[in-house]
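**Student:** Test case, fold it:
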Amino acid sequence: MKENLWKNITQLKEITPLVHSITNYVVMNNTANALLAAGASPIMAHAQPEMEDMLTICQALVINIGTLDEYWVTSMKKAAQQANKLNKPWVLDPVGAGATLYRDKVLSELLHLKPSIIRGNASEIIALAKHNTSPTKGVDSSAESNEAIAAAQFLVKEYHATVCISGATDIILNDKKEIHLLNGNELMSKITGMGCTATALVAAFAAIIKDKAEAATSAMALLGVVGEIASKESQGPGSLQLNILDKLYDITETEFTSTLKLKVKRD
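**Tutor:** I've put the predicted structure just below:
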């Protein structure tokens with residue numbers, strides 16, 4: 001599988017898919033730079049009148065609810081509907097799921113528009129599936145990723161989506177596969193929007209890979225490996241953020257395959 005993942009990483013740079021991100025304004029710069037460094041091209045657009053046209057030129061869509069706004073919610077729904085109409089993948093990032101009734105209402109509406117992939121931390125996935133056994137803590141995770149497996153399985157069954165749980169171990173699963181990734185570094189949690197960056201990369205790979213579990217695995221493996229390598233030469237979160245961008249850009253096959261820690265539970 002390592003060879004396939006590396007092939008996907010190189011193809012991303014060759015194909016340079018255009019990714020439409022309706023995302024929160026805290027992370028727009030971060031995610032745009034990460035997409036560019038990895039080989040994709042970002043568009044951050046929120047205006048309702050251009051949602052349908054934007055999806056005709058983009059290959060994938062990100063919907064990230066980090067900074068919710070009623071105007072943006074309408075844009076999100078229009079974009080998701082158009083992505084479905086054009087059979088293009090879209091990725092839902094349920095930032096802060098469970099934090100407020102309004103946030104949960106919006107997420108329920110978006111889930112019924114059938115995202116291709118759902119990526120969140122363990123607390124968000126649990127809240128999204130109504131498995132509220134541990135409280136959400138803003139946009140941070142207060143649950144371990146393996147605690148969210150049952151919730152993810154519910155989401156897979158209910159919405160026919162691939163689910164990606166971020167954590168110390170990243171878990172990607174659908175009705176056929178379950179893959180665990182053990183890369184990364186705890187310092188990554190000190191950079192705002194690393195999860196949002198992961199979601200953007202998931203969408204980029206979903207644009208070029210039909211198998212959405214493989215797409216999510218490619219993205220999470222790349223970011224985890226890059227973060228682990230970059231942390232070794234970083235003094236803190238500021239330098240780590242820059243080093244992650246540089247390593248997304250210039251990672252080698254040897255670096256990737258020798259660092260990757262992957263377990264296939266179901267295939």
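**Student:** What helix or strand is residue 172 located in?
**Tutor:** Using DSSP states H and E, residue 172 sits in strand 170-173.
**Student:** for that strand, packing partners?
**Tutor:** Where contact means 3 or more CB pairs under 8 Å, 6 or more residues apart in numbering; DSSP states H and E, strand 170-173 is packed against helix 149-159, strand 162-166, strand 178-181, helix 212-231. For every residue, glycine as well, the C-beta is placed using N, CA and C.
**Student:** Below-threshold pLDDT in the protein: ranges please.
**Tutor:** 131-146 (pLDDT under 70).
**Student:** ok, which stretches of it are helices?
**Tutor:** 2-15, 28-38, 51-57, 70-85, 101-111, 122-128, 149-159, 194-206, 212-231, 237-250, 253-259 (DSSP state H).
**Student:** Let's have the ones you listed in a markdown table, adding mean neighbour count and distance to residue 182.
**Tutor:** Below are the helices of the chain laid out as a markdown table (neighbours: other CB atoms under 10 Å; distance: least, CB to CB, whole Å):
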| stretch | mean neighbour count | distance to residue 182 |
| --- | --- | --- |
| helix 2-15 | 15 | 14 |
| helix 28-38 | 21 | 21 |
| helix 51-57 | 16 | 35 |
| helix 70-85 | 18 | 32 |
| helix 101-111 | 16 | 28 |
| helix 122-128 | 29 | 15 |
| helix 149-159 | 19 | 15 |
| helix 194-206 | 29 | 15 |
| helix 212-231 | 26 | 8 |
| helix 237-250 | 18 | 18 |
| helix 253-259 | 14 | 11 |
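**Student:** among those helices, which is nearest residue 22?
**Tutor:** helix 70-85 (5.3 Å; CB to CB).
**Student:** Could I get the CA-only coordinates of that closest one as CSV?
**Tutor:** Extracted C-alpha coordinates of helix 70-85, given in CSV (Å, rounded to 0.1, in the frame of the first residue of the first chain):
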residue,chain,number,x,y,z
GLU,A,70,-26.1,32.2,8.0
TYR,A,71,-25.1,33.6,4.6
TRP,A,72,-22.3,31.0,4.4
VAL,A,73,-24.6,28.2,5.4
THR,A,74,-26.7,28.9,2.3
SER,A,75,-23.6,28.9,0.2
MET,A,76,-22.5,25.6,1.7
LYS,A,77,-25.8,24.0,0.8
LYS,A,78,-25.8,25.4,-2.7
ALA,A,79,-22.3,24.1,-3.3
ALA,A,80,-22.9,20.7,-1.8
GLN,A,81,-26.1,20.3,-4.0
GLN,A,82,-24.1,21.3,-7.1
ALA,A,83,-21.2,18.9,-6.2
ASN,A,84,-23.7,16.1,-6.0
LYS,A,85,-25.4,17.1,-9.2
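**Student:** Who are the contact partners of residue 127?
**Tutor:** 94, 97, 98, 104, 136 (CB atoms under 8 Å, 6 or more residues apart in numbering).
**Student:** hang on, isn't residue 42 packed against residue 21?
**Tutor:** Yes: if you go by CB atoms under 8 Å, residue 42 and residue 21 touch, sitting 6.0 Å apart.
**Student:** Could you dump the helices of the chain into JSON lines and include distance to residue 267?
**Tutor:** As requested, the helices of the chain are exported to JSON lines (distance: least, CB to CB, whole Å):
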{"stretch": "helix 2-15", "distance to residue 267": "12"}
{"stretch": "helix 28-38", "distance to residue 267": "25"}
{"stretch": "helix 51-57", "distance to residue 267": "32"}
{"stretch": "helix 70-85", "distance to residue 267": "28"}
{"stretch": "helix 101-111", "distance to residue 267": "26"}
{"stretch": "helix 122-128", "distance to residue 267": "21"}
{"stretch": "helix 149-159", "distance to residue 267": "15"}
{"stretch": "helix 194-206", "distance to residue 267": "18"}
{"stretch": "helix 212-231", "distance to residue 267": "9"}
{"stretch": "helix 237-250", "distance to residue 267": "27"}
{"stretch": "helix 253-259", "distance to residue 267": "19"}
